[in-house]
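K.L.:
The amino acid sequence is not available; the structure is as follows:
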């Protein structure tokens, strides 16, 4: 995976939030920001899923190779972009049911 600059990722995420009905901008915003996030938190212990655009594995520790990872975090593209751009906190997203998280280390609040 190539290095993604934070400014590029944040810009793409912000543009996608401003244009939620444009599927190309939405896909680009999610993919760029999630790739940057994965580069900042390398590992294979937690899988972050933002369907239908991308799933990445992050955080060191347990190495996951096949089947269901030991920890899974899933959310909508809109929720991901709001978290990434700090328009929504992890606690708020969890409280209103916008994040499905299971398994050890699935609380990613410290990363946002």
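P.N.:
It's in. Being a predicted model, the structure only gives us computed values, none of them experimental. Residues are numbered from 1 along each chain as shown.

K.L.:
other SSEs contacting the one helix or strand residue 56 maps to?
P.N.:
Residue 56 is located in strand 54-58, with elements delineated by DSSP states H and E. Packed against strand 54-58 by the contact rule (3 or more Cβ pairs under 8 Å, 6 or more residues apart in numbering; DSSP states H and E) you find helix 23-40, strand 46-50. Heads up, the C-betas are built off the backbone N, CA and C, glycines and all.

K.L.:
Where does the prediction get shaky in this structure?
P.N.:
Residues of the chain that meet the criterion pLDDT under 70 lie in 1-2, 63-66.

K.L.:
And the residue nearest the centre of it?
P.N.:
residue 34 (4.8 Å; Cα atoms, centre = their mean).

K.L.:
ok, the nearest residue to that one once chain neighbours are set aside to residue 45 distance?
P.N.:
Distance criterion Cβ to Cβ, 6 or more residues apart in numbering; nearest residue to residue 34, sequence neighbours excluded, is residue 54 at 5.0 Å. Distance check for residue 54 against residue 45: by Cβ to Cβ, to the nearest Å, it reads 18 Å.

K.L.:
now swap in residue 15 and tell me
P.N.:
Residue 15 is 31 Å from residue 45, where distance means Cβ to Cβ.

K.L.:
of these two, who's got more company?
P.N.:
Neighbours were counted for residue 15 and for residue 45 using other Cβ atoms under 10 Å; residue 45 has more, 20 against 16.
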